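>>> let's see this in three dimensions:
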Amino acid sequence: MEAARTLKANLKLDGKPCGWCQVALRLGDDAAVCRACENEHHGGCWESNAGCSTAGCVNAPLRRLDVGSPGAGSPIAQGLVEQGAAEALPPGYMACPKCRVAISNDFQICPACRAITSPDGLYHGPKTNAPGAVSSLVIGLIGLSLALFIGIGSAILGVVTIARANKARRAIPTDPTLGGGGLATAGLVLGIVNLIIWVLIVVTRINGMGER
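Numbering: from 1, shown residues only. Presented below is the predicted three-dimensional model:
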């Protein structure tokens with residue numbers, strides 16, 4: 001069985017950062033999804049690095065000891081750099097401050113251990129909206145529109161909105177490449193409002209039936 005599923009990036013993969021280069025996948029890009037850990041990569045990044053970027057994954061490339069001679073065009077030199085030996089690295093490479101793997105200077109996040117590599121410890125690269133952030137806002141707005149303009153409250157839409165918003169809010173602190181916290185918060189508020197409106201509509205209708 002192939003170690004990765006190769007495909008053209010679809011809506012599910014659109015915006016997901018490549019595990020190797022951290023550049024977001026776009027619709028139609030050649031993609032490779034690891035069958036073992038489901039991490040996403042550009043097809044070219046998977047091929048040039050001979051496997052998965054996830055440290056410890058069964059499909060990750062074997063670490064090399066010859067860190068002084070990484071393959072041409074390779075964004076990561078597989079090997080550990082001893083403390084104080086950074087000057088031995090080839091031009092354009094640095095040692096990850098956490099795991100000491102030799103990586104490209106262009107990396108904002110180490111592909112081996114996911115540590116932020118900038119001197120100030122802050123991530124300055126591109127961000128993508130966390131899964132669930134946008135959909136929570138959209139579903140919340142749909143539920144609110146149904147309640148205000150049609151008079152139909154939906155508890156299901158409220159619950160779905162809250163669930164997706166909370167999923168995004170939990171994911172953002174764990175991955176510096178994820179954004180959309182404001183969208184997720186707005187979706188959470190809309191979900192709560194949807195539930196409140198649904199309760200009010202139900203109570204109003206029950207009271208109306210009791211007065212007949």
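
>>> part of a helix, is Leu13?
No - applying DSSP: H, G, I helix; E, B strand; the rest coil, one finds Leu13 to be coil, outside a helix.

>>> any idea how far it lies from Leu148?
Distance check for Leu13 against Leu148: by CB to CB, to the nearest Å, it reads 35 Å. Placement of C-beta: from N, CA and C, glycine included.

>>> between those two, who's got more neighbours?
Neighbours per residue (other CB atoms under 10 Å) separate Leu13 from Leu148, with Leu13 holding more: 19 against 11.

>>> just the pLDDT for the more buried one.
Per-residue confidence for Leu13 comes out at a pLDDT of 90.

>>> ok, now how distant is the closest residue in space to it that isn't next to it in sequence from Ala3?
Closest residue in space to Leu13, ignoring its immediate chain neighbours: Leu25 at 5.0 Å, by CB to CB, 6 or more residues apart in numbering. Note on Leu25: its distance to Ala3, by CB to CB, is 18 Å.

>>> which one's more surrounded, these two?
Using other CB under 10 Å as the criterion, Leu25 and Ala3 rank with Leu25 on top: 24 against 16.

>>> got the contact list for the more buried one?
9, 13-18, 31, 40, 42 (CB atoms under 8 Å, 6 or more residues apart in numbering).
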